[in-house]
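Asks: Model the following, please.
(one chain, ligands or ions: 2)
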Amino acid sequence: MATVLAIETSCDETAVAIVKNRHVLSSIVSSQIAIHQKYGGVVPEVASRQHVEIVNGAIAQALEAANLGWSDIDGIAGTCAPGLVGALLVGLTAAKTLAMLHQKPFIGVHHLEGHIYASYLSDPTLQPPFLCLLVSGGHTSLIYVKDCGHYEVLGQTRDDAAGEAFDKVSRLLNLGYPGGPIIDRLASEGNPRAFPLPEGQISLPEGGYHPYDSSFSGLKTAVLRLTQKLQQNGEPLPIADLAASFQATVAKSLTKRAIACARDYGLDAIAIGGGVAANRGLRQHLQAAAEKHNLRVLFPPMQFCTDNAAMIACAAAEHLERGHTSSLTLGAQSRLSLKEVMTLYDKAI
Ligand code: KG4
Ligand code: ZN
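Replies: Ligands and ions are numbered 1, 2, ... in the order given. You can find the predicted model right below:
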């Protein structure tokens, strides 16, 4: 299998990694969280400038940590969509320039495909078809992975993404950004049954609820109302119990939909991807439910749940193996659906 160097700069992490045979030879992730923290979210222009400062050093570091030279690299990949265009352009331009300079194939990668294949890094034997529960800051989707490059989205959120809900609840409880890891930590000290919270449901016109689509904005509002009520009573906020109750509701909602979807489509493995895959409440809940239904669940190694370049290299290697390479004229796109992944490649089989 090919040795691929990948660059990921779609949001606020500058990342470079080298992956061979679904094994990570090196992975450099430089997070800009500290820089954006004072604004309470990512500032696109600041992110782009920071990527420019850091990307060349990160590429050199990745090669050095893997103890490899350019002659050992079979392909060079860069995330090209979706994401912040200015930020994407930095990594994409670096990848294309290096591919031209060293005469290597260039592979443009869809960021979400990276999250889908992050589970290959914990189980290199995993093969499609499988179901992917993708839960990040911008997405909450149930994806039927038919083959590399061929996906069907079976369910998604109708409003906030799961990670976005963690970030918003953290902000309303004045806990900081990004909210996921903070709530995860606090939840471990709280009672998940302290406050019953509503799990968002999407009603169907013919009655009943959509089995795979989710909604998190009502849950966020319920936490807000509950917090206001507790504050009016002059009581100190039971932050750990609130965090635990919120997290348990999200975990329950995602688990229910993922299990139903896998069973309905006859898929025996569920791979989880995206920042929220790091959540301990979700991991425990899903693992326990999957065991009951004889389903296999795969989580990426902790450090490859949030944005990184190892998952991008992993996805790129799958494409390269199938002969899919991209043109050096490929541009950055802020939006691109998973259905359009194959438009990134010149040579599609
Ligand atoms: O995949 P990711 O790094 O970036 C996107 O592509 O969106 O996901 C970031 C999201 C943030 O919303 C963050 O709060 C959430 O993942 N997150 C978590 C945890 N770690 C990160 N959410 C819940 N529990 C965690 N441990
Ligand atoms: Zn991501």
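
Asks: and Ala58, which of the three is it?
Replies: Look at Ala58: counting by DSSP: H, G, I helix; E, B strand; the rest coil, its state is helix.

Asks: so it makes contact with Ser27?
Replies: No - checked against Cβ atoms under 8 Å, the pair Ala58 and Ser27 is beyond contact range at 10.1 Å. To be clear about C-beta, it is placed using only N, CA and C from the backbone, and glycine gets the same treatment.

Asks: Pull up the overlap in contacts between those two.
Replies: 15-16 (Cβ atoms under 8 Å, 6 or more residues apart in numbering).

Asks: Now the residue in the stretch 1-150 of the chain that ligand 1 sits nearest to: closest residue in space that isn't a chain neighbour?
Replies: Scanning the stretch 1-150 of the chain for the residue nearest ligand 1 gives Gly137, at 2.8 Å (criterion: Cβ to the nearest ligand atom). With Cβ to Cβ, 6 or more residues apart in numbering as the criterion, Gly137 has its nearest non-adjacent residue at 3.8 Å, and that residue is Gly163.

Asks: which residues are in contact with the helix or strand containing Ile312?
Replies: Taking DSSP states H and E as the criterion, Ile312 maps to helix 310-321. Residues outside helix 310-321 that contact it (Cβ under 8 Å, 6+ apart) are 1-2, 4-8, 15, 17-20, 22, 24, 27, 74-75, 77-79, 105, 107, 109-111, 113-118, 120-121, 148-149, 273, 300, 304, 325, 345.

Asks: now do stretch 204-220
Replies: Against stretch 204-220 from outside (Cβ under 8 Å, 6+ apart): 140, 142, 154-162, 164-165, 168-169, 172, 197-203, 246, 249-250, 253-254, 257, 260-261, 264.

Asks: Just the buried residues from these, in ChimeraX please.
Replies: Of the contacts of stretch 204-220, the buried ones can be selected in ChimeraX as follows, counting by 16 or more other Cβ atoms under 10 Å:
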select :140,142,154,155,156,157,159,160,161,162,164,165,168,169,172,197,199,200,246,249,250,253,254,257,261
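
Asks: neighbours of the nearest residue to Arg335 once chain neighbours are set aside, just the number please.
Replies: Distances taken as Cβ to Cβ, 6+ apart put Pro82 closest to Arg335, at 5.0 Å, once the chain neighbours are dropped. For Pro82, the neighbour count with other Cβ atoms under 10 Å is 21.

Asks: Cheers, nothing more for now.
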